[in-house]
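Engineer: Provide a 3D model corresponding to the input given below.
(2 chains)
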Amino acid sequence: GDSVTQTEGLVTVTEGLPVKLNCTYQTTYLTIAFFWYVQYLNEAPQVLLKSSTDNKRTEHQGFHATLHKSSSSFHLQKSSAQLSDSALYYCALSDRSSNYQLIWGSGTKLIIKP
Amino acid sequence: NSKVIQTPRYLVKGQGQKAKMRCIPEKGHPVVFWYQQNKNNEFKFLINFQNQEVLQQIDMTEKRFSAECPSNSPCSLEIQSSEAGDSALYLCASSLAGGPERLFFGHGTKLSVL
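Structural biologist: Model (predicted):
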């Protein structure tokens, strides 16, 4: 079945430095959509990015990600971390095999320190 | 601000008691999901509906959990006989139908089973 892997449970970055959160996946379907969700403390999860186009960079709120089907990856990056970026980040996959139900990664807690 | 409304925000029950939580999806969204977010912050899919019909549900949901989304009433998730392991944040999300759509989440109901 489909799966999404986020290898880092916790990432700590100094303010102003770049951030990269890894996400890889396994699926047998060609038509897929990927999401990054962010959950701030005591808040509802909300979508940060969505992409379904291979090799196209998607950007929002200073974050960007590019779906690379050749390497089965959808890593999240930001060039300069801000204290307000501290949150839980989830990578998720949606395709026809799951009736478009999201397949979630285990999440990465991002802590930005001054 | 989340447009998916979940009540109550907090719920405390003893083992063996019923626990019921409600969700009003975003207006115009026919698809509703229930997820359990455990203490490790992992998402576990429980059940989803399109209008009043169940699309998918996991085995756990079929046995002790019951859920419904009646027309013109809030959706609900009820645990018939709570267990300590059910302590978690229960998240409701809604979306448009017909493909890999982004989910809009409520703030969740935090259930504590003593």
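Engineer: use CA for all of it now, contacts and neighbours both
Structural biologist: OK.
Engineer: near chain B, which residues of chain A?
Structural biologist: Contacts of chain A with chain B, taken as Cα under 8 Å from any Cα of the partner chain, map to A:32-33, A:35, A:42-47, A:50, A:94-95, A:100-101, A:104-107.
Engineer: which stretches of the chain have low pLDDT?
Structural biologist: Going with chain A. Confidence mapping of chain A against pLDDT under 70 gives the ranges A:30-31, A:96-100.
Engineer: that answer is for a different chain, and I need it for chain B
Structural biologist: For chain B (pLDDT under 70), the answer is B:1-2, B:61-62, B:98-99.
Engineer: of all of it, which residue lies closest to chain A?
Structural biologist: B:H107 (4.4 Å; Cα to the nearest Cα).
Engineer: Can you tell me the SS state at the nearest residue to that residue once chain neighbours are set aside?
Structural biologist: Distances taken as Cα to Cα, 6 or more residues apart in numbering or on different chains place A:A44 nearest to B:H107, at 4.4 Å, with adjacent residues excluded. Three-state assignment for A:A44 (DSSP: H, G, I helix; E, B strand; the rest coil): coil.
Engineer: Count the neighbours of A:A44 for me.
Structural biologist: Residues lying near A:A44 (other Cα atoms under 10 Å in any protein chain shown) number 21.
Engineer: repeat for the one 5 residues further on
Structural biologist: Burial of A:L49, expressed as a neighbour count using other Cα under 10 Å, amounts to 20.
Engineer: Work out the gap between the helix or strand that contains it and the centre of the chain.
Structural biologist: Element membership for A:L49 (DSSP states H and E) is strand A:46-51. In terms of Cα atoms, centre = their mean, to the nearest Å, the centre of strand A:46-51 is found 8 Å from the chain centre.
Engineer: What pairs with that strand, parallel or antiparallel?
Structural biologist: If you go by DSSP bridges, strand A:46-51 pairs up with strand A:32-39 (antiparallel).
Engineer: For the residue nearest the centre of chain B, give the beta-bridge partners.
Structural biologist: For chain B, B:W34 is the residue whose C-alpha lies nearest the centre (Cα atoms, centre = their mean; 3.3 Å). Beta-bridge partners recorded for B:W34 (DSSP bridges): B:I47, B:C92.
Engineer: Tell me the buried residues in stretch A:87-97?
Structural biologist: A:87-95 (16 or more other Cα atoms under 10 Å in any protein chain shown).
Engineer: okay, those residues in a markdown table with secondary structure next?
Structural biologist: Below are these laid out as a markdown table (three-state DSSP):
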| residue | secondary structure |
| --- | --- |
| A:A87 | strand |
| A:L88 | strand |
| A:Y89 | strand |
| A:Y90 | strand |
| A:C91 | strand |
| A:A92 | strand |
| A:L93 | strand |
| A:S94 | strand |
| A:D95 | strand |
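Engineer: Go through stretch B:59-71 and flag the buried ones.
Structural biologist: For stretch B:59-71, by 16+ other Cα under 10 Å, it's B:61, B:65, B:67-69.
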